[in-house]
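In: got a sequence here, can you build the structure:
(one chain, ligands or ions: 2)
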Amino acid sequence: MASTTKFFRVLIMVCAIMASIACWTAQATIPDSDGVEELDVTRSDFPSDFTFGVATSAAQTEGSAREGGRGPSTWDHRVDILPDRVINSDKFSTAIDSYTRYKEDINIIKHLGVNSYRFSISWSRLLPKGSLSGGINQEGVDHYNSLIDELIRNGIKPFVTILHFDLPQALEEKYGGYLNRSFVTDFEDYSELCFKLFGDRVKNWFTINEPTVLAVYGYEVGIAPPGKCSLKEGVCVIGSPENCLVPAGPCDFGGDSSTEPYIVAHNLILAHATAVKLYKEKYQVQQKGEIGIVLASKYFVPLSESQEDKAAAERLFDFNLGWFMEPFIHKTPPPSEKLRYSLDISAEETCMKDELFLGSNCEGHWPEGLQKLMEYMKEKYQSPKIYVSENGLYTRRNDSLPLADQLKDPERISYLVRHLYRLNKAIKNGVNVKGYFYWALFDDFEWGMGFSDRYGLYYIDFDHNNRRIPKLSAKWFKDFLESNIVTRASS
Ligand SMILES: *[C@@H]1O[C@H](CO)[C@@H](O)[C@H](O)[C@H]1NC(C)=O
Ligand SMILES: *[C@@H]1O[C@H](CO)[C@@H](O)[C@H](O)[C@H]1NC(C)=O
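Out: Numbers count the residues shown, from 1 in each chain. Ligands and ions are numbered 1, 2, ... in the order given. Okay, the predicted model is just below:
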C-alpha cells in the first residue's frame, strides 16, 4: 500500500467530448489564436450518411417526475433529501417539461434539420419499482412509443440511452443499487423490456451513460446519488481548496471510497456486457440494430517529455477510458490495490505549466483534442465504431442580460464549427466516426448545477412556461445541415 503516493503532474488538455460533465469547467470564451483554418468545414465534407443529432436525457428534460405512474429515481431522492446540494432543486421535478411537450420538441428537432435524436428512457417510468416483478407502467410504455413514433414520422432516428444516471430509487433501497450484483439482473430485464417494446423502431442503443462519472461521483466523492463516500471533510472535487465550487460529500450515507467505485464499475461492466450479449443473441438478427456504451474522456498530454509524466498521462487515460474499454477488448487489467480511485491514478491533472495558466484549451475548448482523442481510440482500441454522443458548450445563466443578447451565442457557433472541423479531420484520418450529437438541444437541468448553465441550441425561458427559443447557434446549425457552403463562425 502506498500511503505516500507520488503524483506526477500531467498537462491536461481538455476537450469537451462525449460528456457534458467533462465540460463543467468550460468557459464561454474561445481564443482567437485557435487557428483560422479550423473554421472551414461544410456539411459536404462529411459522408452523406453521417449522423447529425442532438442529445438530451430523461431526468434533465422530462419533468413530470411524479406523474404518469413514474417511480422516483435516485436523483429525485437526492434532490428531496439534500436540496441545498442541488441548485434550483425545486425545479428538478419539472425540468423543462419535455414529457408533456415532446411533440413541440420534435418539431423543433425537425426544424433544426438534424437527422437523429439521442434521448434516454427513464427506467422508473417504465418500471416504477425498478424490477419486472414490480410491474410495468403502461403510461410510460405509451409515452415512449408515442415519442419514438413521432420521431420516426418526422424522419428523425432515435438513439436511445437505456440508463442515464437515473437508477430507480426502489433498487437503491432494495439492495444498494449498483453495488449489488442483483443490479446486473434487473438491468438485463429492463434492457430486454426496452428491446422488446421499442427495438422494432430503435436501431441504436446506448446501454449506460458515462460509467466512470457514475462510479466516481456517486461512490468516491459522493456528489451524485447515492452520495456514498468515506472522505474526511474539506476534500474539494471541483474548484480549488481555497475557492471550492463543489465539495465532496457530505459523506453521511456510509460508503467506502477505496473500494465501492470499483465494485460499482465492475457491476456496470457486467450489466453492459450482459445486455449486449442478450441483444446480439436474441434481438439483433431480427431488429438489425446496434448497441454500445457512452464513455467520457478528455485527451491528456504529458506535462513534459519525462517517462514519469508520460506514464502519468497514460494512467489518466486508463482510469477514464481504459477502465471500461480494456475489458471490452479482453485484456487483463493491471492489479490495483491502492487508496481509492483518484489516488490510484497517481497522476494529477493541471492547467498550469511553469506557473502559467495554459488557457482555455485546458478548460474544455480544444477542438484538436477531440481529433486526437478519436485517433487515440482508433489506435489503442482496434478502431471501434464511434458516435460522439455529446459535445457542447455551456454559458453561465445570467437573467439580467436582455433576452436578445442571451440568444446571441457566437461562441457556441465557433465551438461547433471548430469541433466539427476537427472531427472531420479524424474521419479523413481513418477513424470510424459515424455521428455527432450536439449537447444539448435545450438548456436543461444540469444535475447538481440545476439551471445555472445553459448548454442549449435552444434557449429555455424559465419564467415564461419554459418557452423554447432558437439561439443564433440553432440557426447556424440548421444552415450548416442544409447547405453545402463554407460556413464561418461570426464574432
Ligand atoms: C444483494 O442483494 C440481496 C437481496 O436482493 C442480498 O441478499 C445480498 O446480501 C446483497 N448483496 C450484497 C453484496 O450486498
Ligand atoms: C450579468 O449581466 C449583467 C448585465 O450585463 C452584468 O452586469 C453582470 O456582471 C452579469 N453577471 C454575471 C455573474 O456575469
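In: now do the end-to-end distance for stretch 305-323.
Out: End-to-end distance for stretch 305-323: 25 Å, by Cα to Cα, to the nearest Å.
In: give the rounded mean pLDDT of that stretch.
Out: Stretch 305-323 carries an average pLDDT of 93.
In: list the buried residues in it.
Out: 308-310, 312-313, 315-323 (16 or more other Cβ atoms under 10 Å). Quick note: C-beta positions are derived from backbone N, CA and C, even for glycine.
In: for stretch 134-144, same thing?
Out: Neighbour counts over stretch 134-144 (16+ other Cβ under 10 Å) mark G134, N137, G140, V141, H143, Y144 as buried.
In: among the buried residues of stretch 305-323, which are in strands?
Out: Using DSSP state E, no member of the buried residues of stretch 305-323 falls in strands.
In: which residues touch stretch 73-86?
Out: 59, 65, 72, 89-90, 92-93, 122-124, 165-169, 172, 177, 223-227, 250, 447-448, 450 (Cβ atoms under 8 Å, 6 or more residues apart in numbering).
In: out of those residues, which are buried?
Out: Buried members of the contacts of stretch 73-86, counted by 16+ other Cβ under 10 Å: 59, 65, 72, 89, 92-93, 122-124, 165-169, 172, 177, 223-227, 447-448, 450.
In: which of those residues fall within strands?
Out: Secondary structure from DSSP E places none of the buried ones among the contacts of stretch 73-86 in strands.
In: from ligand 2, how far off is S240?
Out: 19 Å (Cβ to the nearest ligand atom, to the nearest Å).
In: re the thing from before, okay, and which of the buried ones among the contacts of stretch 73-86 map to helices?
Out: Among the buried ones among the contacts of stretch 73-86, the residues falling in helices (DSSP state H) are A59, W123, S124, Q169, E172.
In: and of those, the nearest to ligand 1?
Out: E172 (11.5 Å; Cβ to the nearest ligand atom).
In: who's in contact with L407?
Out: By Cβ under 8 Å, 6+ apart, L407 lies in contact with Y459, I469, P470, K471, L472.
In: most neighbours among these, which one is it?
Out: Per-residue neighbour counts (other Cβ atoms under 10 Å) across the contacts of L407 peak at K471, which has 22 neighbours.
In: distance of that residue relative to ligand 1?
Out: With Cβ to the nearest ligand atom as the criterion, K471 and ligand 1 are 47 Å apart.
In: going forward, the N-terminal residue is numbered 48.
Out: Got it, first residue is 48 now, which makes that one K518.
In: so how far is P119 from that residue?
Out: 33 Å (Cβ to Cβ, to the nearest Å).
In: likewise N192?
Out: From N192 to P119 the distance is 23 Å (Cβ to Cβ).
In: now do G497
Out: Applying Cβ to Cβ to G497 and P119 gives a distance of 18 Å.
In: over to S436?
Out: 26 Å.
In: just V478 next, same as before
Out: 41 Å.
In: and what of S238?
Out: Taking Cβ to Cβ, one finds S238 at 21 Å from P119.
In: likewise D365?
Out: D365 is 35 Å from P119, by Cβ to Cβ.
In: helix, strand or coil for whichever residue of the stretch 198-347 of the chain sits closest to ligand 2?
Out: Nearest residue of the stretch 198-347 of the chain to ligand 2: L292, at 13.9 Å (Cβ to the nearest ligand atom). Secondary structure assignment for L292 (DSSP: H, G, I helix; E, B strand; the rest coil): strand.
In: next one: the one 10 residues further on
Out: Taken by three-state DSSP, the conformation at G302 corresponds to coil.
In: which residue sits closest to it, ignoring its sequence neighbours?
Out: K275 (2.8 Å; Cβ to Cβ, 6 or more residues apart in numbering).
In: do the same with L194
Out: Nearest residue to L194 in three dimensions, chain neighbours excluded: Y149, at 5.1 Å (Cβ to Cβ, 6+ apart).
In: please apply the same query to A106.
Out: D213 (4.4 Å).
In: show the contacting residues for that neighbour.
Out: Per Cβ under 8 Å, 6+ apart, neighbours of D213: S104, A105, A106, S120, T121, W122, S167, S169, W170, S171.
In: nearest to L470 among the residues you listed?
Out: Of all the contacts of D213, S104 has the smallest distance to L470: 21.8 Å, by Cβ to Cβ.
In: where does that closest one fall, phi/psi-wise?
Out: Main-chain torsions, S104, degrees, to the nearest 10: phi -140, psi 160.
In: and the gap between it and V348?
Out: Distance, S104 to V348, by Cβ to Cβ: 30 Å.
In: and F366, by the same measure?
Out: 16 Å.
In: would you map the strands across the stretch 348-497 of the chain?
Out: For the stretch 348-497 of the chain, strands defined by DSSP state E, counting those that start in this stretch occupy the ranges 394-397, 399-400, 403-404, 433-438, 442-443, 480-486.
In: re earlier: so which of the buried residues of stretch 352-370 sit within helices?
Out: E355, D356, K357, A359, A360, R362, L363, F364, W370.
In: including distance to ligand 2, could these go into a markdown table?
Out: As requested, these are exported to a markdown table (distance: Cβ to the nearest ligand atom, whole Å):
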| residue | distance to ligand 2 |
| --- | --- |
| E355 | 40 |
| D356 | 36 |
| K357 | 39 |
| A359 | 35 |
| A360 | 34 |
| R362 | 37 |
| L363 | 32 |
| F364 | 35 |
| W370 | 36 |
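In: could those residues go into JSON lines alongside distance to E402?
Out: Output for those, formatted as JSON lines (distance: Cβ to Cβ, whole Å):
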{"residue": "E355", "distance to E402": "20"}
{"residue": "D356", "distance to E402": "17"}
{"residue": "K357", "distance to E402": "22"}
{"residue": "A359", "distance to E402": "19"}
{"residue": "A360", "distance to E402": "20"}
{"residue": "R362", "distance to E402": "24"}
{"residue": "L363", "distance to E402": "22"}
{"residue": "F364", "distance to E402": "26"}
{"residue": "W370", "distance to E402": "32"}
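In: and those residues, which is closest to P308?
Out: Using Cβ to Cβ, these come closest to P308 at W370, 9.6 Å.
In: now do the closest one against ligand 1, distance only.
Out: In terms of Cβ to the nearest ligand atom, W370 sits 21 Å off from ligand 1.
In: confidence score at K53?
Out: At K53, the pLDDT recorded in the model is 35.
In: that should have said V533, apologies.
Out: 55.
In: go on, G439?
Out: With respect to pLDDT, G439 scores 94.
In: number of nearby residues for E529?
Out: Using other Cβ under 10 Å, E529 has 11 neighbouring residues.
In: pretty sure it sits against N162.
Out: No. Counting by Cβ atoms under 8 Å, N162 is not a contact partner of E529; they are 11.7 Å apart.
In: the closest residue to ligand 2 within the stretch 398-538 of the chain: what's its closest spatial neighbour, skipping adjacent residues?
Out: As assessed by Cβ to the nearest ligand atom, ligand 2 sits closest to N445 within the stretch 398-538 of the chain, at 3.7 Å. Using Cβ to Cβ, 6+ apart and skipping the chain neighbours, the partner closest in space to N445 is Q453 (7.4 Å).
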